[in-house]
Each structure stands twice: as C-alpha cells, then as structure tokens.
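Student: Turn this into a model:
(one chain, ligands or ions: 1)
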Amino acid sequence: MRRLCVILLGCYLAATFSVAAPRIETQQQIWEFMEKYGYITRDDMVNGMPKDEETKTKSIIYFQKMGNMTMTGVLDEDSMNLMNTPRCGMKDMESFADMMRRKRYALGPRWDRTDLTWNIIRDSQDLPRAQVESIMERAFTAWSDVSSLTFRKVSSSEPDIKILFAAGEHGDGFDGRFDGPSGVLAHAYFPSLNPIGGDAHFDEDETYTDGTFSGTNLFQVAAHEFGHSLGLRHSDVEDALMYPYYRGYQPNFQLHSDDINGIQAHYGEGNGKPEERDTPSTPLDNCMPRVTLSTQTADGSAYFANETHVFRRTGNTIPAGYPMRIVDEFPGLPSNLDAALFYSPYTYFFKGSEYWRFRDRQMAGTYPRPMSDWGGLPNDVDAAFVWSRNGRIYFTKGDQYYAYYPGYGVSSYYPQPLSHWRGLPSDGVDAAFQYSNGYTYFFKGSNYYRFNDGTVQVDTGYPLNTAVQWLGCNPNELVGPTSETEGDATAIIPSLFVILLSTLIGICTF
Ligand code: CA
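Tutor: As a prediction, this is how the structure comes out:
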C-alpha cells in the first residue's frame, strides 16, 4: 500500500510539473512572447506593454513579417494562431539590422573547423537510445550532405555538440527553462568557445516520435536545432527548416534551398575544405565589422564601405537591401577604395593615384582623374573629411594629416603629425567624415571616435563599436568562435536583450 502511495504521488507530481504551456491570449502573455523572441525590447515597454501605439504596431509588423503573414500591424486570428504554434525557443529577431533584412536565412557565429563531434548526454524517455541516436545521425547528415561538415558520434561527455532531453529548468537559467508540453519544443546554442556552444536541448515534456503524424517529430526538431548549433539563425522563409515554427510531420523532409544557402555561406559546398574564414572586413550576412570609408552624399545619406560593399544610412534607418556592392550603388567606381570626401554638393572617392567625383549616386564628369589635381596631396590617402569646427578639408595618411584649401592646394606647413588630433589613434585612421548632426567622426578598426570641437579632443565615452552603433549590427555577429573577445554563451544569451537595447538606443544617439 505504501508503495502504491509513493507511485501515485510520483504520478501526481509528474502531472503537476508537466502542465501544458499555456495558450497565449492575454496582453501580458502576448508581450512576453514578443519580448522573448526579440520583436520588442524591454526598453520599449512600460509595465510589460509597448510604451506607445507606434512601438506596438512596429513589433506586430516584425512578428507578421517573420511569420510570412500580411503585415497589418494588428493581431488578428491568424497572428494569434501562429503565436500559439509550437516552436523553437531561440529568438527570431536579434538586431535592428535583422528586422530590416531581406527574406532569407541569417547567420550567427560559425565553427572554425568542419569535423564536429556529438553525444547524447541525457536520454529521452520517449524513444529507445539506439533509435534516438539513429535519428540524430540522420539530422546531422541532412547538413553534412550539402556542406563540407562531417559529424562523428563520440562517447565523450564533452563533445562539440551535447544533446540532452530535460524538462523545465535544466541548468541554463530561468530564461532557458522549458515550458511543459507544446510551446517551446527545444533550443540550441550557437558555436562558441564556451562548453555550451553548439549544444542542443530538447523539452522532455514533449512527446517525441519518429515517422508518425502523432506527437512531435524528433528528426525535424533536431535538424532545426542543429542548424543553430552550426551557426544559423531563424529564417523568415516559410518552407525553410530554419523557420521558427514547427509545421507538423513531413514524411518527405528535404532541406530548403534557403537552408542550403545558409549552411554553405558558413562552411562551403563540401568536397574539400571550407572557404576561407571571412576576414573581419568582409560583410557577414547583413553587417560590416570594419569600415574603410565613410562619407555623405548631397541627399543626406551617410555611407560606410569596406573593400567591396557599402552600407547606406538615411536618418536612423538602414534601408533594405544593404550592404550592396560598391559598383551597384555607385556605377563606375572600383572596389578597394581608400577614402571619400563629401564637399557639398559632390562626393569624391579616392584610390591610389586617382579619384572620382559623384553627385549622389551618379558620376559627375569623366573620371577617374589623377590625384595631381589635388596639388600637394600624396597618393593612397587614408581618410578625408570637412572638419566641423572650421569647415576646412583635411586628409590623413598614416600618422600624418594635410589641410587642403580649394583653389590653392596643400600649404607648405603640411603634413603635420596626426597626434595633434588628441585622443585619436596616432598611427592613423581608416576613415573619417562629418555627419549630418555636425560632428566629425573618425573610424579605426572596429571602433569609432567622436571629436569634440570645443575641447579639440576626442569626446569622453569613445571609442564605441562602429558596426553596432552605426549599422545596427548584432554584437554577436561581430565575433567568431575563435575570437578572444567572444564571451561565453551563458553570459551572452540571458543578457542579449541588454545588448539589443544598447543597439537600438545607440543607433539614435551618437
Ligand atoms: Ca514545451
């Protein structure tokens, strides 16, 4: 009798602890969902609700865009049904740039090698171990079939990708706890140096099945989570595996071309070595960690470029479609430009011993022309700008700078040491410009500096991160798994909204 009581108590407790994820209905539940998945930041909320109608509408539109719905900005029945569809627990939107991106896959950090190991650390109660292993094997194969990746099951307790089944809170913090049957099905961690990087966790409160329409198909959920383990974010392509919502068992599962394009962007097509790791200045999915050129055009747009691509910024917005190839934005310009100068109404571009003149996006005249037109300037300049304090034109090259007087040229006093510009890196800058707010900014590596014309030195609080502040990039996309600055996943993920806040605030205030 006593044993029966214990068993009954056990069942009672089990039942109590696996209450189904509640249906999202109330305003509080709706906005918890919107915040959890990145459609609104806590800073844009008051008492758990959007701070104003505009914010509310915007969040709903982002949610509807990601869900491939008509973007009405109003939560109709379809929206509420989607919100209540079982799904992955990973965020959908992680940055301002994310919300602007075109329809396709999105990349997170990647592994710096292609031979990865995995193991199941905690078993599923739903299926026998051997069957789960075979399902996982198939899920990995879906990715290795179309990329240079290989996966190997090991018996180690510290493989690259640790798989575990767990209910409720399971060791990765309050925000990472599972929610009972339905709702969140699973989540995974992006590649990182932290031991949790790459790991995939499955909600034990789901009923995982194999090859049947009942329950939740473990293969499909695992293949999706491994996409995250390999560095893919959610895609807004509805038929892609990396779409955030579970769409029911698909007997003839195949990766979508969007998934394949995503994994190949990270690891190459296969049959050999992966492509070279992106250099820091190559655009990632929608970001540019380092700029080599900054300028404006007469229409008020600000431009930032690296060797091959250009970002355009109008007001506090990055218009859709950027970064673009330089030649697509400015027909006739080569890549690998040195510097650019906006001297109203023209924008000048410099490369080696030549320069080009544009008015907005059209070449204004016959170019290139030789740098000798700019009497006294050297070739291969680094940066050019009109200084907000005196309206004069300056060029920098290495640790020196030149003042240029239109109609006269460079005076014999120049060059002078760049260290006159107190607070700037004295060995040189990559880019500089005067922004529409009147301030002069300097760019070096991944950072930028704002110059204070009153005190004639760099303002306190600088440097700041260029990509995050100017381009709205997700800080997590700027560091790869091999970077020393990569934080550990446990620290980054719970505090992601804090970083996101600084991103959204930062893009408005310099
Ligand atoms: Ca769940």
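
Student: Which residue is the nearest non-sequential neighbour of the residue of the stretch 1-150 of the chain found nearest the ion?
Tutor: Of all residues in the stretch 1-150 of the chain, the one sitting closest to the ion is residue 21 (5.2 Å; C-beta to the ion). All C-beta spots, glycine's among them, are computed from the backbone N, C-alpha and C. Nearest residue to residue 21, sequence neighbours excluded (C-beta to C-beta, 6 or more residues apart in numbering): residue 183, at 2.6 Å.

Student: and the stretch 101-250 of the chain, which of its residues are near the ion?
Tutor: Proximity of the stretch 101-250 of the chain to the ion, by C-beta under 5 Å from the ion, involves residues 179, 183-184, 203.

Student: Could you identify which of those residues has the most neighbours?
Tutor: Neighbour counts for those (other C-beta atoms under 10 Å) peak at residue 203, which has 28 neighbours.

Student: Verify the contact between it and residue 184 for me.
Tutor: Yes - taking contacts as C-beta atoms under 8 Å, residue 203 lies within contact range of residue 184: 6.1 Å.

Student: show me the contacts for residue 243.
Tutor: 234-237 (C-beta atoms under 8 Å, 6 or more residues apart in numbering).

Student: Can you give the distance from the strand or helix carrying residue 119 to the centre of its chain?
Tutor: Assigned by DSSP states H and E, residue 119 belongs to strand 115-122. With C-alpha atoms, centre = their mean, to the nearest Å as the basis, strand 115-122 stands 26 Å off its chain's centre.

Student: next one: stretch 72-88
Tutor: For stretch 72-88, the distance from its own C-alpha centre to the chain's C-alpha centre is 24 Å (C-alpha atoms, centre = their mean).

Student: can you pull the buried residues of that stretch?
Tutor: Across stretch 72-88, burial judged by 16 or more other C-beta atoms under 10 Å covers 73, 75, 79, 82-84, 86-88.

Student: Let's have those residues in JSON lines, adding secondary structure.
Tutor: Shown next, in JSON lines, are the buried residues of stretch 72-88 (DSSP: H, G, I helix; E, B strand; the rest coil):
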{"residue": "73", "secondary structure": "coil"}
{"residue": "75", "secondary structure": "coil"}
{"residue": "79", "secondary structure": "helix"}
{"residue": "82", "secondary structure": "helix"}
{"residue": "83", "secondary structure": "helix"}
{"residue": "84", "secondary structure": "coil"}
{"residue": "86", "secondary structure": "coil"}
{"residue": "87", "secondary structure": "strand"}
{"residue": "88", "secondary structure": "strand"}
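
Student: if we can go back for a sec, okay, and the common contacts of residue 203 and residue 184?
Tutor: In contact with both residue 203 and residue 184: residue 178, using C-beta under 8 Å, 6+ apart.

Student: so where do the strands sit in the stretch 1-150 of the chain?
Tutor: With DSSP state E, counting those that start in this stretch, the ranges of strands along the stretch 1-150 of the chain come out as 45-46, 49-50, 87-88, 115-122, 150-153.

Student: which one of those strands is the most hemmed in?
Tutor: strand 87-88 (a mean of 24; mean count of other C-beta atoms under 10 Å).

Student: elements contacting that one?
Tutor: On a contact count with 3 or more C-beta pairs under 8 Å, 6 or more residues apart in numbering; DSSP states H and E, strand 87-88 meets strand 184-188, helix 218-229.

Student: ok and whichever helix or strand comes after the last one relative to helix 218-229, angle-wise?
Tutor: Read in the C-terminal direction, the helix or strand following helix 218-229 is helix 257-267, with elements assigned using DSSP H and E. If you take axes from the mean of the first three to the mean of the last three C-alpha atoms, to 10 degrees, helix 257-267 sits at 40 degrees to helix 218-229.

Student: circling back: if you rank the contacts of residue 243 by neighbours, which is first?
Tutor: The member of the contacts of residue 243 that has the most neighbours, counting by other C-beta under 10 Å, is residue 234 with 27 neighbours.

Student: what separates that residue from the ion, distance-wise?
Tutor: Residue 234 is 17 Å from the ion, where distance means C-beta to the ion, to the nearest Å.

Student: list the contacts for the closest residue in space to residue 261 that isn't next to it in sequence?
Tutor: Excluding the flanking residues, the one nearest residue 261 by C-beta to C-beta, 6+ apart is residue 105, at 6.1 Å. Applying C-beta under 8 Å, 6+ apart to residue 105 gives the contacts 232-233, 235, 237, 240, 242, 258-259, 261-262, 265, 285.

Student: repeat that with 6 Å
Tutor: Counting by C-beta atoms under 6 Å, 6 or more residues apart in numbering, residue 105 touches 235, 258, 262.

Student: again with residue 158
Tutor: Counting by C-beta under 6 Å, 6+ apart, residue 158 makes contact with nothing.

Student: That one is in what secondary structure piece?
Tutor: Element membership of residue 158, judged by DSSP H and E, is empty: it is in no helix or strand.

Student: Any residues of the protein in contact with the ion? List them.
Tutor: Residues of the chain found near the ion, taking C-beta under 5 Å from the ion as the criterion, are 179, 183-184, 203.

Student: Give me the residues contacting stretch 65-76.
Tutor: The contact list for stretch 65-76 (C-beta under 6 Å, 6+ apart) reads 57, 60-61, 64, 78, 82, 92, 236, 238.

Student: Poorly predicted segments of the stretch 401-510 of the chain, please.
Tutor: Across the stretch 401-510 of the chain, the ranges flagged by pLDDT under 70 are 474-510.

Student: just the strands in it please.
Tutor: Residue ranges of the strands in the stretch 401-510 of the chain, as given by DSSP E, counting those that start in this stretch, are 409-410, 416-417, 431-434, 440-444, 447-452, 457-458, 464-465.

Student: residues near the nearest residue to residue 466 once chain neighbours are set aside, how many?
Tutor: Excluding the flanking residues, the one nearest residue 466 by C-beta to C-beta, 6+ apart is residue 448, at 4.6 Å. Residues near residue 448, counting by other C-beta under 10 Å, number 25.

Student: what do you get for residue 148?
Tutor: Neighbour number of residue 148 under other C-beta under 10 Å is 19.

Student: so what's it up against?
Tutor: Counting by C-beta under 6 Å, 6+ apart, residue 148 touches 114, 267-268, 270, 274.

Student: what does residue 59 give?
Tutor: By C-beta under 6 Å, 6+ apart, the contact list for residue 59 reads 34, 39-40.

Student: Pull up the gap between residue 161 and residue 147, please.
Tutor: As for residue 161, its distance to residue 147 is 15 Å (criterion: C-beta to C-beta, to the nearest Å).

Student: Which one's more surrounded, those two?
Tutor: Legend: neighbour count by other C-beta under 10 Å for residue 161 and residue 147, higher for residue 161 (24 against 21).

Student: Need phi/psi at that one.
Tutor: phi -120, psi 110 (degrees, to the nearest 10).

Student: so what's it bridging to?
Tutor: When bridges are called by DSSP bridges, residue 161 pairs up with residue 118.

Student: where in the stretch 251-400 of the chain is pLDDT low?
Tutor: The stretch 251-400 of the chain contains residues with pLDDT under 70 at 271-286.

Student: Report the closest residue of it relative to the ion.
Tutor: In the stretch 251-400 of the chain, no residue comes nearer to the ion than residue 253, which is 21.3 Å away by C-beta to the ion.

Student: List the contacts of that residue.
Tutor: Counting by C-beta under 6 Å, 6+ apart, residue 253 makes contact with nothing.

Student: try it again with 10 Å
Tutor: The neighbourhood of residue 253, defined by C-beta atoms under 10 Å, 6 or more residues apart in numbering, consists of 138-139, 142, 217, 219-220, 223, 241.

Student: Whichever of those residues end up buried, select them in PyMOL.
Tutor: One line in PyMOL is enough to select the buried members of the contacts of residue 253, burial here meaning 16+ other C-beta under 10 Å:
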select buried, resi 139+142+217+219+220+223+241
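
Student: From residue 37, how far out is residue 424?
Tutor: 41 Å.

Student: Fine by me, thanks again.
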